[in-house]
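Enquirer: Sequence plus predicted model, see below.
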Amino acid sequence: MPAPIPLGEHEIRPDPQALTGSSKPEENSSSGVNYEPDPSKSLKVSPEREEIVKKITSLYSGSASEDDMKVYAEQALYDDPWSFCDTRYKIAGQWYGIPKVMASSRTLATQIVSSTPTELIFKMKHEYTPRVLHFSKSVNSLITLTLDEQGKVKYHKDMWNDKDYSHEGLGKIMKTLNGDHLTKITRPPGDL
């Protein structure tokens, strides 16, 4: 398994207001951003970029496939409100857990808001239905992907519902424990 890489090496912190804010204040949340995707406003991108978005949204929808996981570089970082992972194997632990805890997980809409040679940023509306509670909850996210020279994702940041989450205090401990130990429960293939 590759050695973990430090957070700052790949991380970019997107400017949510510049990427998602509307010139019409009534369309923004109180924080000045709007993570609600509008597919009709999505940027046109190459088929390779479309494939990256497809693989990522498939993972969010519970695909947990090795083929979809290969969208990530071996030494990739993943950062969302619940976890921080510093290898592709640990990232797989997150994705392989979705079918175990969710009765349903589906992407409702996406909107690509930025595409440069080294990054791909899109809004996503996703609906989760936990197995135990059976109520559906939609979450709007801003997904930032940093890409390496081969077009693999080396950094994946998921900001939910107009918020960014820090790497300090109790939150950092919870995110790191989740990222480091979930693979013991979800058991993704070891060769990822």
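Expert: On my side now, so go ahead. Residues are numbered from 1 along each chain as shown.

Enquirer: so what does the biggest strand by length in the chain touch, helix or strand wise?
Expert: Identified as the longest strand of the chain according to DSSP state E is strand 102-116. Using 3 or more CB pairs under 8 Å, 6 or more residues apart in numbering; DSSP states H and E as the contact definition, the elements that strand 102-116 packs against are helix 16-20, helix 47-60, strand 119-130. In short, each C-beta sits where N, CA and C put it, glycine included.

Enquirer: Can you tell me which of the ones you listed is most buried?
Expert: Across the helices and strands packed on strand 102-116, averaging neighbours per residue (mean count of other CB atoms under 10 Å) puts strand 119-130 on top, at a mean of 20.

Enquirer: Partner strands of that one and their direction?
Expert: For strand 119-130, the paired strands and their directions (DSSP bridges) read strand 102-116 (antiparallel), strand 137-147 (antiparallel).

Enquirer: Between the two ends of stretch 130-142, what distance do you get?
Expert: Using CA to CA, to the nearest Å, the span of stretch 130-142 from its first residue to its last is 22 Å.

Enquirer: Quick check: buried residues in it?
Expert: Within stretch 130-142, the residues scored as buried using 16 or more other CB atoms under 10 Å are Val139, Asn140, Ser141, Leu142.

Enquirer: Now the residue nearest to the spatial centre of the chain: closest residue in space that isn't a chain neighbour?
Expert: Closest residue to the average C-alpha location of the chain: Asp158 at 4.1 Å, with CA atoms, centre = their mean. Counting by CB to CB, 6 or more residues apart in numbering, Asp158 lies nearest to Asp80, which is 3.9 Å off, once chain neighbours are set aside.

Enquirer: Kindly provide the distance from that neighbour to Glu50.
Expert: When distances are taken as CB to CB, to the nearest Å, Asp80 and Glu50 turn out to be 22 Å apart.

Enquirer: do Ala76 as well
Expert: 20 Å.

Enquirer: Same question for Arg187.
Expert: For Arg187, the distance to Glu50 equals 31 Å [CB to CB].

Enquirer: So what does Asp148 look like in phi/psi?
Expert: Torsion angles at Asp148 (phi, psi; degrees, to the nearest 10) stand at phi -90, psi -170.

Enquirer: wait, isn't it in contact with Lys154?
Expert: Yes. With contacts defined as CB atoms under 8 Å, Asp148 counts as touching Lys154 at a distance of 4.7 Å.

Enquirer: what sits in contact with each of the two?
Expert: Both Asp148 and Lys154 are in contact with Ala73, where contact means CB atoms under 8 Å, 6 or more residues apart in numbering.
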